[in-house]
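Q: My questions concern the predicted model and sequence given below.
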Amino acid sequence: MKFLADMGISPRTVRFLCNLGHEALHLHEQGLDQMADSNIMGKARNEGMRPENVNRYLQRVIAEQEKSLTNGAIISVTEGQIRIRALPVRTTENS
């Protein structure tokens with residue numbers, strides 16, 4: 001499976017996903033970051049985020065949603081919500 005990690009996701013989480021055999025890329029690797037890394041890490045620390053907790057959560061979500069991902073889906077994961085959209089994603093602009 002392929003993952004594109006937003007700036008709020010630790011590069012360690014991207015490495016974790018790669019080690020699980022997934023293709024994962026961090027926005028930072030593409031120079032698309034808009035927030036200073038120190039601010040992102042400070043925010044993560046202030047909110048009690050730890051990569052190992054995120055990794056466990058992602059591993060569970062991936063296992064639970066494996067069929068959707070295999071069939072072709074985008075999954076948006078936050079602390080309080082998991083959103084699944086089947087591919088291809090259509091908007092009112094390209095419907």
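A: Nice, thanks for sending it over. Please read these numbers as outputs of a predicted model, since none were measured by experiment.
Q: Can you pull out the low-pLDDT segments for this protein?
A: By pLDDT under 70, the low-scoring segments of the chain are 30-32, 35-45, 47-51, 79, 90-95.
Q: Show me the strands in it, by range?
A: 2-5, 23-26, 73-77, 82-86 (DSSP state E).
Q: Put together CSV for those, with distance to residue 67 and mean neighbour count on each row.
A: Placement of C-beta: from N, CA and C, glycine included. As requested, the strands of the chain are arranged in CSV below (distance: least, Cβ to Cβ, whole Å; neighbours: other Cβ atoms under 10 Å):
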stretch, distance to residue 67, mean neighbour count
strand 2-5, 16, 15
strand 23-26, 19, 16
strand 73-77, 9, 15
strand 82-86, 10, 12
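Q: Redo these as TSV? Include distance to residue 58.
A: Below are those laid out as TSV (distance: least, Cβ to Cβ, whole Å):
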stretch	distance to residue 58
strand 2-5	9
strand 23-26	10
strand 73-77	7
strand 82-86	11
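Q: So which residues make contact with stretch 64-83?
A: Stretch 64-83 has contacts (Cβ atoms under 8 Å, 6 or more residues apart in numbering) with 1, 57, 58, 61, 62, 84, 85, 86, 87, 88, 89.
Q: For those residues, which PyMOL command selects only the ones that are buried?
A: Applying 16 or more other Cβ atoms under 10 Å to these, the buried members can be selected in PyMOL as follows:
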select buried, resi 58+62
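Q: Could you verify my assumption that residue 58 touches residue 20?
A: No - contact between residue 58 and residue 20 fails when scored by Cβ atoms under 8 Å: they sit 9.1 Å apart.
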